[in-house]
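Chemist: coords please:
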Amino acid sequence: MADRGALEAAAAAGVIKAEQVGPLHDFLASSAAGVSSKPGGEEDLRFIRNFHDLFLAIGIALLAVGLMIGVFAYVTTAGIEDPQTGAITTGALFAGCAALMWILGELFARRRRLFLPAIAIVLAFTLFTVFASALLYAGVLVGRDFAESGLDLAGMPPELRVGILLASAMGVLAAFAFYLRFRLPFSLGLAGAGVASFVIIAAMVTNLEQTTRFLAPLSLVLGLLLFVAAVAFDARDPGRNTRFSDNGFWLHFAAAPLILNGAFGLVGMAFGNTVPAGGTGALLQSAAESQGQAIAHAAITLVVVGALGVLSLLINRRALIVSTLITTGVAIGVLMDAVGIGAAGLAASVLIVLGAFVLILGGAWHTARRALLGWVKPDGAWARIFPPETPAAA
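Modeler: Below is the predicted model:
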């Protein structure tokens, strides 16, 4: 199978078109792997190949920050006195910045297929699009009296609610449009995270009190939906060889914090914590209220971590495990604090236990997967969702 570097070299030499590199690589990889392939089980980070990619990404990031500062500097020094004109001018300039990022996307993402620079471009493009839409819409509202509403979402006028929803929706559309044009896997993950954020924001501007109260289950449901989408892409490429796997990786990356915050938030709610979502804050609140409650809370948290660890092993993805490290460390610290370990010893013990956990799990990853997946037939339907291990992958 030709690797991506060889195909990109062929595109640069004019043998094939640049837009054919990705599809041709995916086709060749699928043909070589097949449904019954035995995946190596490693999650290759294909978005960075060399320092040149990093160098270009840094340049794009510096350019985007410079453009942002330049726009604000121009508007504040141009002598624009009318607030409406100022808002519309700023929004239009940000729209121009977004257009420039799109042009850079044509060069680096579509023509040269440089993934890390493309990630920097889509982040800047999405941010500029959100700013542009928000400021252009604000320019339409200038002159209306919203002083009484302040930042109170409960009493916010419909026009402001629409503005907030418009800005967040444009962020989703910008990322998704970038994906449709350039097929950048990261932009699909960014769009997925944007959809989840839009739903949460829409719920907040509709009913802030109820959304805050049920933020944990809402986050969990949204995370699980992204997780299902990620698994669907993984199932199309159980060998982790094509762009489908990259799409799944970034969707898992977006789903993980939502799933964790939702799951740990529900555990916290069971212990009467007022923290709406998240595990670390809820654990610290339990620790401040009662040692017994803190121990029980920490123990259940570690059980949830264990369940998520098993799920990660089954689907052969490490994003969930990595996302749990901070909360896991806090839970271990709460348990160790209960036995009276001092501050310095507590910090050292938590880091040692956490580091040992990661090393043991990483070293025994393939062995543990083989033990869990002995029932999965290599050529069966379940093998697409739970890719089985082979001795060669150890």
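Chemist: separation between Ala132 and Ile103?
Modeler: Using C-beta to C-beta, to the nearest Å, one gets 16 Å for the distance from Ala132 to Ile103. Placement of C-beta: from N, CA and C, glycine included.
Chemist: Counting neighbours, what do you get for Pro378?
Modeler: 16 (other C-beta atoms under 10 Å).
Chemist: Equivalent analysis for the one 10 residues further on, please.
Modeler: Pro388 has 23 neighbours, counted by other C-beta under 10 Å.
Chemist: What is the three-state secondary structure of it?
Modeler: Applying DSSP: H, G, I helix; E, B strand; the rest coil to Pro388 yields a three-state assignment of coil.
Chemist: how far away is the residue positioned nearest the centre of the chain from Asp246?
Modeler: The chain has Ala254 as the residue nearest its centroid, 2.9 Å off, counting by C-alpha atoms, centre = their mean. Distance from Ala254 to Asp246, counting by C-beta to C-beta: 13 Å.
Chemist: Show me what counts as buried in the helix or strand where Thr301 lies.
Modeler: Using DSSP states H and E, Thr301 sits in helix 291-315. Across helix 291-315, burial judged by 16 or more other C-beta atoms under 10 Å covers 293-298, 300-302, 304-305, 308-309, 312-315.
Chemist: Could you report the neighbour count for Pro83?
Modeler: Around Pro83 sit 12 other residues, with neighbours defined as other C-beta under 10 Å.
Chemist: where in the stretch 151-300 of the chain is pLDDT low?
Modeler: Judged by pLDDT under 70, the stretch 151-300 of the chain has its weakly predicted residues at 151-156, 273-290.
Chemist: Run through the strands of it in chain order.
Modeler: With DSSP state E, counting those that start in this stretch, there are no strands along the stretch 151-300 of the chain.
Chemist: just to revisit the earlier point, for the helix holding Thr301, give me every contacting residue.
Modeler: Under the contact criterion C-beta atoms under 8 Å, 6 or more residues apart in numbering, helix 291-315 has outside partners 231, 234, 259-260, 263-264, 267-268, 270-271, 279, 282-283, 286-287, 318-321, 324, 327-328, 330-332, 334-335, 338, 361, 365, 368-369, 372-373, 385-386.
Chemist: Keep only those of those residues that are in helices.
Modeler: 231, 234, 259-260, 263-264, 267-268, 270, 282-283, 286-287, 319-321, 327-328, 330-332, 334-335, 361, 365, 368-369, 372, 385 (DSSP state H).
Chemist: are any of those residues buried, and which?
Modeler: For those, buried by 16+ other C-beta under 10 Å: 231, 234, 259-260, 263-264, 267-268, 282-283, 286-287, 319-321, 327-328, 330-332, 334-335, 365, 368-369.
Chemist: I'd like the distance between Val221 and Ala296.
Modeler: For Val221 relative to Ala296 (C-beta to C-beta), the value is 26 Å.
Chemist: what does Asn50 give?
Modeler: 50 Å.
Chemist: do Leu116 as well
Modeler: Distance of Leu116 to Ala296, given as C-beta to C-beta: 44 Å.
Chemist: Please apply the same query to Pro388.
Modeler: Pro388 is 37 Å from Ala296, where distance means C-beta to C-beta.
Chemist: what do you get for Ile60?
Modeler: 49 Å.
Chemist: same question, Phe244
Modeler: When distance is defined by C-beta to C-beta, Phe244 is 42 Å away from Ala296.
Chemist: just Met336 next, same as before
Modeler: Plainly put, Met336 is 15 Å away from Ala296 if you go by C-beta to C-beta.
Chemist: Same question for Ile69.
Modeler: For Ile69, the distance to Ala296 - C-beta to C-beta - is 50 Å.
Chemist: and if you look at Leu24?
Modeler: Leu24 sits 56 Å away from Ala296, taking C-beta to C-beta as the criterion.
Chemist: One more: Leu320?
Modeler: Distance from Leu320 to Ala296, by C-beta to C-beta: 23 Å.
Chemist: for Leu251, same thing?
Modeler: The value you get for Leu251 to Ala296, if C-beta to C-beta is used, is 34 Å.
Chemist: Kindly report the same for Gly86.
Modeler: Counting by C-beta to C-beta, the gap from Gly86 to Ala296 is 56 Å.
Chemist: next one: Ala99
Modeler: The value you get for Ala99 to Ala296, if C-beta to C-beta is used, is 55 Å.
Chemist: Give me the mean pLDDT for whichever strand or helix holds Ile103.
Modeler: Per DSSP H and E: Ile103 is located in helix 83-105. For helix 83-105, mean pLDDT rounds to 93.
Chemist: Work out the gap between it and the centre of the chain.
Modeler: Relative to the centre of its chain, helix 83-105 is centred 26 Å away, using C-alpha atoms, centre = their mean, to the nearest Å.
Chemist: May I see the buried residues of it?
Modeler: Neighbour count says helix 83-105 has 86-91, 93-95, 97-98, 100-102, 104-105 buried, by 16+ other C-beta under 10 Å.
Chemist: Go ahead and name everything in contact with that helix.
Modeler: Contacts for helix 83-105 (C-beta under 8 Å, 6+ apart): 60, 64, 67-68, 71-72, 74-75, 78, 80, 117-118, 121-122, 124-125, 128-129, 131-139, 142-143, 174, 178, 181-182.
Chemist: Now that we have these, which of them are buried?
Modeler: Buried, going by 16+ other C-beta under 10 Å: 60, 64, 67-68, 71, 75, 80, 117-118, 121-122, 124-125, 128-129, 131-139, 174, 178, 182, out of the contacts of helix 83-105.
Chemist: now, which of the residues you listed lie within helices?
Modeler: 60, 64, 67-68, 71, 75, 117-118, 121-122, 124-125, 128-129, 131-139, 174, 178, 182.
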